[in-house]
Every structure is written in C-alpha cells, then in structure tokens.
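A.B. asks: After the sequence you'll find the predicted model.
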Amino acid sequence: MAKKAELIVDDRKLQVSNLDKVLYPKAGFTKSDVIDYYIRVAPVLLPHLKDRPLTMKRYPDGVEGQFFYEKNCPVHRPKWVQTAKVWSDGNQRMMHYCLANDLPTLVWAANLADLELHTSLSRKNKIERPTMMVFDLDPGAPADIVQCCQVGLWLRDLLTQMKLKSFAKTSGSKGLQVYVPLNTAVTYDETKNLSLALAQYLEHEHADLVISNMSKAVRKGKVFVDWSQNDEHKTTICVYSLRAREEPTVSTPIAWDEVEKCLKKKKADLLKFRTDQVLARVEKRGDLFESVKEMTQKLPKKWKV
C-alpha cells in the first residue's frame, strides 16, 4: 500500500505518496529528494516553464524501470492545474497539455515521478511562433561532450557573425545544447531552415567531426547537430530539469568560458552537474539563462560566412 502524506505548498494541499521510494538506485536518490530539488530550484525554473505546454516523462519505478511520455494532462489532476489546448496533427485531435506555471503544479508533477520536464519552444498564446532557436549537439561514441564543446564554439562564432547572441546548457545527459533567444515574430519554418543550413555548413567545414544527417548509423565518433528540434510538434528538455540517468544530473546553463575550459582540459566531467551542484551554482551565479526568456533578436533575412 502506498504511503501517503499531505504537503501544503503555497496554500495548496497536495497529496503525495511513497516519498522514500528510491528513483535513482545507484545514487540512493528518492522521490522526496526529487521533490525537494524542484522546490528549491523553482525560483529560477518556473519562469522558463511559464505558459509552455509540458510533456511529462514519468518514471514510476525509477530510472531503471519503464517510463512513459504523457502529453495530455492527467484527468485526475487537481482543478487548479492549468492546461493549454494544442492541436495535434499526429493524433488529429486537440490535446490538453499541463502548464507548470506555479510551485504546487511543479510539486504535483514531481510526485507523479515526472523526472524530466520537456517543453515547447512556444508559449500557449502563440503556439505557432517559437521564442527561440535550438541546436542539440549529440555525440556518437566515442565522442562525448568535449567534442560537443568544440562544435558548440564553432556554432557560437557562426551565430556571432550573424549578430545573434547564443547561450549554452548541458543536456544533462551526453551532450550540449545551444539556444538562440528570439522573442520576435518568427516562424518554425524560418528557424528550422536556418538551423539546418548552419548544421550543413558546419558539416561541410568540419566533416571529420560534424554531421547533420539524422541517421544514428553514421554518428560514430562525430557530433550530430540536431536542427530538427525547431518544430512546432517537438519538445526540448527544459533548463534545470532532472535527467533520468544513473545519477540525478541536471540540464544546466553554463557560460561560454566553461565550454572553452572543458574543451581545453578535455574533461567531460567538468560539465556534469548533479542537483546539489546546480543549486550551489544558482546561489552563486543566479540564472545564467535569464536572458533567454526576454532577449529580442531577429533572424537575418540573408546570411553568409
């Protein structure tokens, strides 16, 4: 029988269960630890979740067990959980996504063992317009995040030539991600076309390390510059989200000098952050991704390098 308890979160009563259940066996990290992390990181996390349709990736039996994605917000949700209606071409129906706009909703989701928070690149009121362009740098073994750092720096420099400022974060898994805040009138076709063109350019210039082809069979020892995330129907891992790895690692914003340092020292562990390290970073450095929420930048109509 599930052990239940009641939490009061911002004047909301929440029923939680099995707080001592170990969700990360190799680290001894429990559901209580998951909830505690999300409560403590909420001041910097919630602004990035606000009004973005949320796909939950739930691990009821922990990271070594089965998981499932949940796009439709559960019908048993509390009445105060907000939702967003989004048309799904794949399902040919309207979906009702959860919106993690407040701390009670975030805790409620964590209690469902929603370890990973996958969000839309759009906000609910303009679902057809992305607020950012994203590149997911995914290494094929034996390449790792060190090689991703090199590709990330090449990409940063390309974007700088286009007068676009970019921000880096770890995926919390194997790779690195580069975000370009836009927050202007732009379409997914525009962001996808440009991201593909940049990925192909990098592949042309650095064929020994970079690939833009989505086939996993050709990724060995290379870094796949995934441009395809720039799509209305896809999601990306939210900054500050846990990842379902052996350890409770987090998708963590990093400064470009940290990327340079990792490349120089060739130490992948320099960019591996667990929950305690992330909370310490936030305490010391604030939200390194704060500008991504509001910075306005326009995509160039034409570009050349």
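C.D. replies: Thanks, I have it.

A.B. asks: Can you show me the helices along the stretch 101-250 of the chain?
C.D. replies: With helices called from DSSP state H, counting those that start in this stretch, the stretch 101-250 of the chain shows them at 103-111, 145-161, 188-205.

A.B. asks: The last one packs against which elements?
C.D. replies: Looking back up the chat, that one is helix 188-205. Here helix 188-205 touches strand 132-139, helix 145-161, strand 210-211, strand 223-226, going by 3 or more CB pairs under 8 Å, 6 or more residues apart in numbering; DSSP states H and E. Just so you know, the C-beta spots here come from the backbone N, C-alpha and C atoms, and that holds for glycine as well.

A.B. asks: hey, which of those is tucked in deepest?
C.D. replies: The highest mean neighbour count among the helices and strands packed on helix 188-205, using mean count of other CB atoms under 10 Å, belongs to strand 223-226: a mean of 26.

A.B. asks: who's in contact with it?
C.D. replies: Residues from elsewhere that reach strand 223-226 (CB atoms under 8 Å, 6 or more residues apart in numbering): 135-140, 143, 147-148, 150-151, 155, 175, 198-199, 202-203, 209-214.

A.B. asks: partners of it in the sheet?
C.D. replies: Strand 223-226 pairs in its sheet with strand 132-139 (antiparallel), strand 210-211 (parallel), by DSSP bridges.

A.B. asks: Nearest approach to Leu288 belongs to which of those strands?
C.D. replies: strand 132-139 (14.9 Å; CB to CB).

A.B. asks: what is the orientation angle of the closest one with helix 188-205?
C.D. replies: Orientation check (axes from the mean of the first three to the mean of the last three CA atoms, to 10 degrees): strand 132-139 against helix 188-205 gives 40 degrees.

A.B. asks: relative orientation of strand 132-139 and helix 145-161 in degrees?
C.D. replies: Going by the same axes, to 10 degrees, strand 132-139 makes 150 degrees with helix 145-161.

A.B. asks: Can you tell me which residue is spatially central in the protein?
C.D. replies: Ile237 (2.1 Å; CA atoms, centre = their mean).

A.B. asks: How many residues are close by the residue nearest to it when sequence neighbours are not counted?
C.D. replies: Nearest non-adjacent residue to Ile237, counting by CB to CB, 6 or more residues apart in numbering: Ser251, 4.9 Å away. For Ser251, the neighbour count with other CB atoms under 10 Å is 23.

A.B. asks: Use 265 as the first number for this chain going forward.
C.D. replies: Done: numbering now begins at 265, and the last item shifts to Ser515.

A.B. asks: how near is Ser515 to Gly436?
C.D. replies: Ser515 sits 4 Å away from Gly436, going by CB to CB, to the nearest Å.

A.B. asks: Now do the shared contacts for these two.
C.D. replies: In contact with both Ser515 and Gly436: 501, 505, 507, using CB under 8 Å, 6+ apart.

A.B. asks: With only the CA atoms kept, save the host helix or strand of Glu547 in PDB.
C.D. replies: Here Glu547 sits within helix 539-549, counting by DSSP states H and E. Presented in PDB, the C-alpha positions along helix 539-549 are these (Å, rounded to 0.1, in the frame of the first residue of the first chain):
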ATOM      1  CA  THR A 539      21.300  18.600  -8.200                       C
ATOM      2  CA  ASP A 540      23.400  19.800  -5.300                       C
ATOM      3  CA  GLN A 541      25.900  21.400  -7.600                       C
ATOM      4  CA  VAL A 542      23.200  23.100  -9.600                       C
ATOM      5  CA  LEU A 543      21.600  24.600  -6.500                       C
ATOM      6  CA  ALA A 544      25.000  25.900  -5.400                       C
ATOM      7  CA  ARG A 545      25.600  27.400  -8.900                       C
ATOM      8  CA  VAL A 546      22.300  29.200  -8.800                       C
ATOM      9  CA  GLU A 547      23.000  30.500  -5.300                       C
ATOM     10  CA  LYS A 548      26.400  31.900  -6.500                       C
ATOM     11  CA  ARG A 549      25.700  32.900 -10.100                       C
END
